[in-house]
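Trainee: predicted model, plus sequence, below.
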Amino acid sequence: MVCFVRQRLRFPSARVVAERLAAVLLLTALIGACGGSPQSGTQTGDEGDVAKPGVTCTGGCASAQTCCVKTCVTLDNDLKNCGACGKACQSGQYCKSNQCLPIPCSASCGGGAECCGSACCGAAELCCDPGGDAGPQCSAPALGNLCPAPR
């Protein structure tokens, strides 16, 4: 003869249910805040980091500069942070007065050189706005592969 023992189903107490619900809600909020949605800004090739304002730069930045991902940049002419941290100009553009603009080109460049105004930039140069009305010019990059601050 087989006997079945009937057990009474036990449900968790209201306190346990509330604790579990709170944990699920907290986890959901953390996932949403830390990566549940795509990051804003432009990927700049810095191993996926998007520049974020407010991250401390050692020693602070000059008055015309902003700290973006621990690097002091000049938002007015920086190719990777044009007008805002993480706003990178596309290929064929340069940053002037916080805006990505098409690079004007009046030179004939070959051999992989990039046209920059009336000149051709070599592989180790950037097409940058030096400030003023001169238009873009080829410049040796400043520390961090950035355009030098405008004059």
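Mentor: Arrived safely.
Trainee: so how many other residues sit close to Cys89?
Mentor: Residue crowding around Cys89 was assessed by other C-beta atoms under 10 Å; the count is 22. Placement of C-beta: from N, CA and C, glycine included.
Trainee: wait, it touches Leu79, no?
Mentor: Yes - using C-beta atoms under 8 Å, Cys89 makes contact with Leu79 at a distance of 5.1 Å.
Trainee: who touches both of the two?
Mentor: Taking C-beta atoms under 8 Å, 6 or more residues apart in numbering as the contact rule, Cys89 and Leu79 both touch Cys95.
Trainee: how many neighbours does the closest residue to Ala113 other than its chain neighbours have?
Mentor: By the measure of C-beta to C-beta, 6 or more residues apart in numbering, the closest residue to Ala113 outside its immediate chain neighbours is Cys120, 3.9 Å from it. By other C-beta under 10 Å, the residues close to Cys120 number 19.
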